[in-house]
Each structure stands twice: as structure tokens, then as C-alpha cells.
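Colleague: coordinates for the following, if possible.
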Amino acid sequence: MGNTELYKKLEKKFSLFRLFIILILLPLAIYISNFTFKSRLFVVVIIITIIYLFIVLYASYNRRKRLESILKITIYIDIALISLFVYLLGGIKSDAYFLFYLIILCGGMKHGYRGTILSLIQIITSYFISIIIFGNFNLVIYLIRIIYLLVFSALMYEVTNRIRDSHLKEKEAKELAYKDSLTQLPNRLLMSDKFETMRINYFKTGKSFGISIIDIDNFKSINDSKGHAFGDKVLIKLSQLFIQCLGDDDFICRFGGEEFLVFFSDEDKSIIYNKAKNICDKIKKYDFYGEKITVSIGISIFNNKFTMIENISFADEAMYAVKNTGKNKVMLYDDLRFTLKQIS
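Modeller: Here you go, the predicted model:
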């Protein structure tokens, strides 16, 4: 599974492993190694590695998309850095060379069972070839290290699998909490999050957005005459039609009962009005299992001087004005306010 949230969860764990290598295994490898290294270059590599480690940790806990991309390429950076360490500590005959394989193994484990097996095969094969090419082959040491890698693989795969399962369960639970059980549309919990996201975007870019309340006309009489099961079928079909009429950046949720709420990503009143009018017209023409249904739609434009509830209430007022003037229409709150001023 390749989504970024899973990479974040795995990287939080693997970053601890990297830290263990840098602070524990690497000094130990230096101590037991009989090879010398170029001190200045080694210090530079150590500094770069520590900076890289903290960048990965920061990216794991941060939501900035520029940093998230690094989480998918850590395996390549790990291999490059560990190769430098191995070279500086004496090459393939150095005790530090074994760390190279551990990094490859951890990288493969991010991709589940298949990735673990492939990385393990790669490690065992390359290790065998390298000791044959460079000599110094010791069957006992080779077998001990292979057994160690197999045990380590099993343990690390289990950790990875548990993280993966935990992430999937957490994601499923979150989706259920944010979804309306009947229509499968988002519910009011996600509405609040979406409003806050669009509000923050407004302060960053100055781009406003539209808010709309859609109410099914005469829905109570439909339920009374046809039954609640029929009413549920209508709500499900309406939800599907709403999604078809909206853009990818628009947001719709079930607001309650027969009411739906839409956040239009556009800020131009005429574009928002035309989108809402399209919804109105499409539903009017549609045959709902032998029943004709219409909707009343009220629209307001986000105003940063007011709270979320107040902004929504303006759209709600416009929707009720439609109800009181014949239904099956779209009305902008600004037009309603202008009309009320004219009357007063």
C-alpha cells in the first residue's frame, strides 16, 4: 500500500532504527574495524546523515507536501549514505559492510511481504557474490549472518505488518466516523474540518468559496405515502446525482434528514449559481422510481467576519426563502438581503 500516511507511520519506526545504527552500531563498527578512514570526509558524512535523519523525522510528523515526497525515496538515500560509510571504513571487508544489508532489508519491508522476500533474496545473493569475488569466504560466518538476517527479517516484517494493520483499522474507523451510513456521503463531522481547511486557504490566497443548503421539497409527504424505505432509496439516488453535478474540488455532505450542504470551491457568484441551477434542473427532470422530486437551494458566499454556523445560516435563510416563494429554485443570500432592504 503506497499512500503517504502509511509511509509516515513506517518512517517514524524506521527512523528509530536509523538512529540506533548511527549512535550505536556505527561507533561499534568503527571500534572493531581494523581499517582507517579519512577523518574529514567521515565527519562530513556523519553530519549530513544526522541532518538527513532529522529531516525524515520532521517529514514523518509534518503535513507539508514538499517534505512528504522524501519519505518515498529514503531507501535510495539510505543506500547511498551507508555505501559511503562502508567505503570510509574499509570497504567490503569491513564489519560495517553488514549494515548495508540491514538498510536494504528495512527498505523492502515498507512494501510488505513481497518487498521483504525480494530484498532478502537480493541481500543473500549479492552477499554471496561479493565474498566470492573479493575472497575471504568463510562458510560458518556466511551461514551465521544469513540466519541472523532471516530472524531479523521475520521480526521486522511482523513489526511492519502490525503497523500496516493498525493503520488500515485506524483509517477504516475514521472513514466510518466521517461518513453518513445511508448515503455514504461525508457527515457533519467532516464538514467542520473541510470548512476550516477552506477558511485557512481563504486567509492564505484571498480566494473565497460558496456555501449552499439543498433541501428536498415535500420529502415528508413522500415518506408518508411511499414509506421510509422508498425515501431512503431517493436519498441514495439524490446523493449520486449531486456528486455528478459537482466539481472535484467541491464538497458535499448530508447535513441532516433531507438536507444537504455543499461548499463550492468557486468564489464567483454566477458560477456557483449556475452549478446550483444545474443541480436543480437535473433533479427536476429525473425519474425517481416513478416519482418526480424537486429541491430548493440557498447560497451564501463565505464572509470571514462570521463563524461557520453563521455563514451556513445565511445559506439556510436563502433556502427557506425559496421554500416560501414556490420551491424548486435557487436563491443567493445577497439577493434575498437586497430584496428585504427594498421592502423595508
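Colleague: run through the neighbouring helices and strands of the strand or helix carrying residue 300.
Modeller: In this structure, residue 300 sits in strand 295-301 according to DSSP states H and E. If contacts are counted by 3 or more CB pairs under 8 Å, 6 or more residues apart in numbering; DSSP states H and E, strand 295-301 sits against strand 210-216, helix 269-285, helix 308-324, strand 330-332, helix 333-343. (C-beta placed from N, C-alpha, C; glycine too.)
Colleague: what angle sits between that strand and helix 308-324?
Modeller: Using axes from the mean of the first three to the mean of the last three CA atoms, to 10 degrees, the direction of strand 295-301 lies 140 degrees away from that of helix 308-324.
Colleague: parallel or antiparallel, which strands does strand 295-301 pair with?
Modeller: Within its sheet, strand 295-301 is paired with strand 210-216 (antiparallel), strand 330-332 (parallel), according to DSSP bridges.
Colleague: contacts for the shortest one?
Modeller: Going back to what we said before, that points to strand 330-332. 269, 273, 276-277, 280, 297-301, 318-319, 321-322 (CB atoms under 8 Å, 6 or more residues apart in numbering).
Colleague: so the one helix or strand residue 261 maps to versus strand 210-216, what angle?
Modeller: Using DSSP H and E, residue 261 falls within strand 259-264. With the same axes, to 10 degrees defining the directions, strand 259-264 sits at 160 degrees from strand 210-216.
Colleague: buried stuff in strand 259-264?
Modeller: 259-264 (16 or more other CB atoms under 10 Å).
Colleague: would you point out the helix or strand in the chain whose mean pLDDT is lowest?
Modeller: helix 26-32 (a mean of 59; mean pLDDT, DSSP states H and E).
Colleague: convert stretch 248-262 to CSV, retaining C-alpha atoms only.
Modeller: These are the backbone C-alpha positions of stretch 248-262, laid out as CSV (Å, rounded to 0.1, in the frame of the first residue of the first chain):
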residue,chain,number,x,y,z
ASP,A,248,-13.7,17.6,-8.0
ASP,A,249,-12.8,20.4,-5.6
ASP,A,250,-16.4,20.9,-4.4
PHE,A,251,-17.5,19.3,-1.1
ILE,A,252,-20.9,17.8,-0.3
CYS,A,253,-22.2,16.2,2.9
ARG,A,254,-25.5,15.1,4.4
PHE,A,255,-26.5,18.0,6.7
GLY,A,256,-29.4,16.1,8.3
GLY,A,257,-32.6,14.5,7.3
GLU,A,258,-33.4,15.6,3.8
GLU,A,259,-30.9,18.5,3.8
PHE,A,260,-27.5,18.5,2.2
LEU,A,261,-24.7,21.0,2.4
VAL,A,262,-22.3,22.0,-0.4
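Colleague: and it, which residues are buried?
Modeller: So stretch 248-262, judged by 16+ other CB under 10 Å, has buried residues 250-255, 258-262.
Colleague: now swap in stretch 45-64 and tell me
Modeller: 45-46, 49, 52-53, 56-57, 59-60.
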